[in-house]
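Asks: whatever this is, show me its structure:
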Amino acid sequence: MNITDSTPSPAGATGLWRAEFSATMALAVPIALTQLGQIAMMTSDLALIGRLGDTAVAAAALGHVVLYVGFMICLGLANAVAPLASQAVGARNPEAARRALHVGLWVVTLFAIPLVAVQLHSYPILKALGQPEDVALLAGRYLDGLSWSMAPACWFIAIRNFMSSLDRPQPGLWITLAAIPMNTVLAYALIHGSLGLPQLGMLGAGVATTIVNVGMCLAAGWVCIARAPFRDYRPLDGFWRPDGALTVKLLVIGLPISGAFLLEYSLFGAAAVMMGWIDTTAMVGHQIALQVAAIVFMVPLGIGLAATVRVGHAAGRRDATAARRSGFAAVALGILFMSAMALLVSAFRHEIPLLFLGGDADAHTVSLTAHLLILGATFFIADGIQTIAAGGLRGINDTRVPLLFSAASFWLVGFAVAYVLAFTLGYGAEGVWIGLSAGVFTYALLLIWRMAVLLRRPGLPDAVPAPAG
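Replies: Coordinates of the predicted model:
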């Protein structure tokens, strides 16, 4: 494919880089805040469930594990909307952008149906896996309400990605911010039977999440239909018309994204299991350090989606220079932010555990958590780099090779190093986190190398929509 690769003057290049940093930040900030809003919703759910007792908390954790396996599959497919729609927008091809959204919604639906069906029969599966009777029963009841949220949650993400491809991520943020208090009130009412609603306990928590996600999806759909600039793309036109070629293309891009998500998620699941082999203190320290990492991770996640959009726009215009600048500007922003977060977390490593455990926390648990947070400093930076670099590569539809990189990095390096250090060499919980850092750092280096190779070429890989006219 013939793509322009003009080189600006030094003065012009400085201005272009400055403009790129500004544009990436304008996209990334509302996306990151939206992701933080999602964590706030989940946190409020867990806080309410925590009032039902330890068994309920264990059941909720188990239910989330079951849900997220299916959710990761649908999430990868929903995320494939972003590069396809962004390339179409860059090519000034509104029909292709609209069709990318349509195909994303249909594919998510087709995958969600069997996955939800499996989750609705989770109780016998959990029992077969050796889970305690009372925990499995409560987890199954929770999933009876929660499983239905997977499809609307991923529809919302697909619509949100379409909005972001038009450089308008703000509606997704406002909808999420409005949903947080609604979710808290509805979950409380359905759990405890207030405001005239029935008392459903764990089932009520799951039902509340589903109702709120349906509402978020409907609100986002209304914005697309009724508000500019989204309505200019006529998002309902041709919704029922099948598009086999684009469906295949979305699957080719999206399924490797799902696979990479699952490989990373399963590594952290394996890390939690290994912490359980060590002792309860290791499990607590690991969960706190991981929760801190998850919160900090929301910002590079937003930058990563911004990179997908910006690189996709440039690829749609057939401008390799702009694609290269967009990708590496996003990585630079991520390194700056995550380095600052690593320093901040390291400086307050002894105070952070007390936010989760209280002032009378066990000194050994606080000390171990502080050590894990120090080890996590490298992990934070590498994790930020990998998600942003992966986002940049998705902007040019490159997802299959990153899937291979994730398998090698997370399991051949990350899991192997974690197991050997923790159990063979006796480093315990610290060894597990060194292994996690090694795996994520390897993945980040491989993705940066791949991005440098592909975006240095005068022609970008894979086909994007031809510019209109």
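Asks: what residue ranges in the stretch 351-469 of the chain score low on pLDDT?
Replies: Along the stretch 351-469 of the chain, segments meeting pLDDT under 70 span 359, 361, 457-469.
Asks: in it, which spans are helices?
Replies: In the stretch 351-469 of the chain, the segments counted as helices under DSSP state H, counting those that start in this stretch are 352-357, 363-394, 400-407, 416-419, 428-456.
Asks: list the buried residues in the last one.
Replies: Neighbour-count burial for helix 428-456, counted by 16 or more other Cβ atoms under 10 Å, picks out 428-448, 450-451, 454-455. (Glycine included, C-beta is placed from N, CA and C.)
Asks: one more: stretch 243-256?
Replies: 243, 246-247, 249-251, 253-256.
Asks: and the longest helix for this protein?
Replies: Using DSSP state H to define each element, the chain has its longest helix at helix 10-50.
Asks: how distant is the following helix or strand past it from the center of its chain?
Replies: The helix or strand immediately downstream of helix 10-50 is helix 54-79, counting by DSSP states H and E. Computed by Cα atoms, centre = their mean, to the nearest Å, the chain-centroid distance of helix 54-79 equals 13 Å.
Asks: for helix 54-79, what is the average pLDDT?
Replies: Regarding helix 54-79, the rounded mean pLDDT is 85.
Asks: check which element follows that helix along the chain.
Replies: helix 81-90.
Asks: for that next one, packing partners?
Replies: The contact analysis (3 or more Cβ pairs under 8 Å, 6 or more residues apart in numbering; DSSP states H and E) places helix 81-90 against helix 94-119, helix 150-165, helix 244-278, helix 280-317.
Asks: of all these, which one is nearest residue 365?
Replies: With Cβ to Cβ as the criterion, residue 365 lies closest to helix 280-317 of the helices and strands packed on helix 81-90, at 5.1 Å.
Asks: now the angle between helix 280-317 and the following helix or strand past that closest one, please.
Replies: Note on helix 280-317: by DSSP H and E, the next helix or strand toward the C-terminus is helix 320-347. Helix 320-347 and helix 280-317 are oriented at 160 degrees to each other (axes from the mean of the first three to the mean of the last three Cα atoms, to 10 degrees).
Asks: for helix 320-347, buried residues please.
Replies: 320-334, 337-338, 341-342, 345.
Asks: same question for it, mean pLDDT?
Replies: Mean pLDDT, helix 320-347: 92.
Asks: and the angle from that helix to helix 81-90?
Replies: On the basis of the same axes, to 10 degrees, helix 320-347 is oriented at 140 degrees to helix 81-90.
Asks: helices or strands up against helix 320-347?
Replies: Contacts defined by 3+ Cβ pairs under 8 Å, 6+ apart place helix 320-347 against helix 10-50, helix 280-317, helix 363-394, helix 428-456.
Asks: run a quick neighbour tally on residue 101.
Replies: 24 (other Cβ atoms under 10 Å).
Asks: spatially central, which residue of the protein would that be?
Replies: residue 301 (6.6 Å; Cα atoms, centre = their mean).
Asks: OK, contacts around that residue?
Replies: For residue 301, the contact set (Cβ atoms under 8 Å, 6 or more residues apart in numbering) comprises 31-32, 35, 387.
Asks: so residue 269 sits against residue 66, correct?
Replies: No - in this structure residue 269 lies outside contact range of residue 66 using Cβ atoms under 8 Å: 11.5 Å.
Asks: looking at those two, which one has more neighbours?
Replies: Here residue 269 and residue 66 are compared on neighbour count by other Cβ under 10 Å; more neighbours surround residue 66, at 20 against 14.
Asks: show me what contacts that one?
Replies: 119, 122, 125-126, 139, 143.
Asks: excluding sequence neighbours, find me the nearest residue to residue 447.
Replies: With Cβ to Cβ, 6 or more residues apart in numbering as the criterion, residue 447 has its nearest non-adjacent residue at 3.7 Å, and that residue is residue 389.
Asks: correction: residue 82
Replies: According to Cβ to Cβ, 6+ apart, the nearest residue to residue 82 is residue 161 (4.0 Å).
Asks: what's the neighbour count on that neighbour?
Replies: For residue 161, the neighbour count with other Cβ under 10 Å is 27.
Asks: list the contacts of it.
Replies: Counting by Cβ under 8 Å, 6+ apart, residue 161 touches 78-79, 81-82, 85, 104, 305.
Asks: go through the helices and strands packed on helix 320-347 and name the closest to residue 220.
Replies: helix 10-50 (11.0 Å).
Asks: distance between that closest one and the chain's centre?
Replies: 12 Å.
Asks: can we start the residue count at 49 from this point?
Replies: Shifting the count to begin at 49 puts that one at helix 58-98.
Asks: now it: average pLDDT?
Replies: For helix 58-98, the mean confidence score works out to 83.
Asks: is it true that residue 445 touches residue 130?
Replies: No - between residue 445 and residue 130 there is no contact under Cβ under 8 Å: 10.9 Å.
Asks: which one of these two is surrounded by more residues?
Replies: Using other Cβ under 10 Å, the more surrounded residue of residue 445 and residue 130 is residue 130, with 30 against 21.
Asks: list the contacts for the more buried one?
Replies: 209-210, 212-213, 353, 356-357, 360, 442.
Asks: run the last query once more with 6 Å
Replies: Residues in contact with residue 130 (Cβ atoms under 6 Å, 6 or more residues apart in numbering) are 209, 213, 356.
Asks: contact partners for the last one?
Replies: The neighbours of residue 356, taking Cβ under 6 Å, 6+ apart as the test, are 130-131, 439, 442-443.
Asks: can you select the buried ones from those residues in PyMOL?
Replies: Here is the PyMOL command that selects the buried residues among those (16+ other Cβ under 10 Å):
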select buried, resi 130+131+439+442+443
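Asks: closest to residue 275 among the contacts of residue 356?
Replies: residue 130 (19.5 Å).
Asks: give me the pLDDT for the closest one.
Replies: As predicted, residue 130 sits at a pLDDT of 95.
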